[in-house]
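S.K.: Please find the sequence and the predicted model below.
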Amino acid sequence: MPRIADHPRRATAALALVLLPAVALAAMGAAGQADGPVRCEIRVAPEGTLMTLEALVHADKNVSGTYSFRVKSAGRMGGTDIEQGGAFDAAPGRPAVLGTVALSANGAAYDAALDVTVGGSNVSCTERVGGRK
């Protein structure tokens, strides 16, 4: 039976077939929130028996757009289902706070999602917070 290593063209083609999906996935991941003029962030800050979630947008230039910020219970504890959204303006130099949610930090877990749309382009952030440690 012929071995791939004995055929340089086959070895190159096999290597390309293995690496191509990995390179494509890396490019898709990098094109999300890190590149471009707009990046999103969900910032979590503990405050006593509460935790605060802030939906933020970072901009490299003056932008206007819309956002949707959703926080839902993850798991069996509670029935939290919060949705905020609307229009925003952001400028370079400091993040714009789009929305804030204060939640109980009693061991419940929450799933937070922020979707930002600027000029027809979308950027999304997700975060799971809380839960028993």
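M.R.: Good, I have the coordinates. Residues are numbered from 1 along each chain as shown.

S.K.: Mind jotting down where the helices sit in the protein?
M.R.: Using DSSP state H, the helices of the chain run over residues 8-30.

S.K.: How are the strands of it distributed by residue range?
M.R.: Taking DSSP state E to define them, one finds strands in the chain at 38-47, 50-59, 63-74, 81-90, 96-104, 109-118, 121-130.

S.K.: want to throw these into TSV with mean pLDDT?
M.R.: Formatted as TSV, the entries for those read as follows, by pLDDT from 0 to 100:
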stretch	mean pLDDT
strand 38-47	94
strand 50-59	96
strand 63-74	94
strand 81-90	96
strand 96-104	94
strand 109-118	95
strand 121-130	94
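
S.K.: okay if I get these as a markdown table plus mean neighbour count?
M.R.: C-beta: built from backbone N, CA, C; applies to glycine. Formatted as a markdown table, the entries for those read as follows, by neighbours: other Cβ atoms under 10 Å:
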| stretch | mean neighbour count |
| --- | --- |
| strand 38-47 | 16 |
| strand 50-59 | 20 |
| strand 63-74 | 18 |
| strand 81-90 | 14 |
| strand 96-104 | 17 |
| strand 109-118 | 20 |
| strand 121-130 | 16 |
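
S.K.: so who does the residue nearest to T100 when sequence neighbours are not counted touch?
M.R.: Counting by Cβ to Cβ, 6 or more residues apart in numbering, the nearest residue to T100 once its immediate chain neighbours are dropped is E54, at 5.2 Å. Neighbouring residues of E54 by Cβ atoms under 8 Å, 6 or more residues apart in numbering: I42, R43, A45, V97, G99, T100.

S.K.: The same query, at a cut-off of 6 Å, please.
M.R.: For E54, the contacting residues are R43, V97, T100, by Cβ atoms under 6 Å, 6 or more residues apart in numbering.
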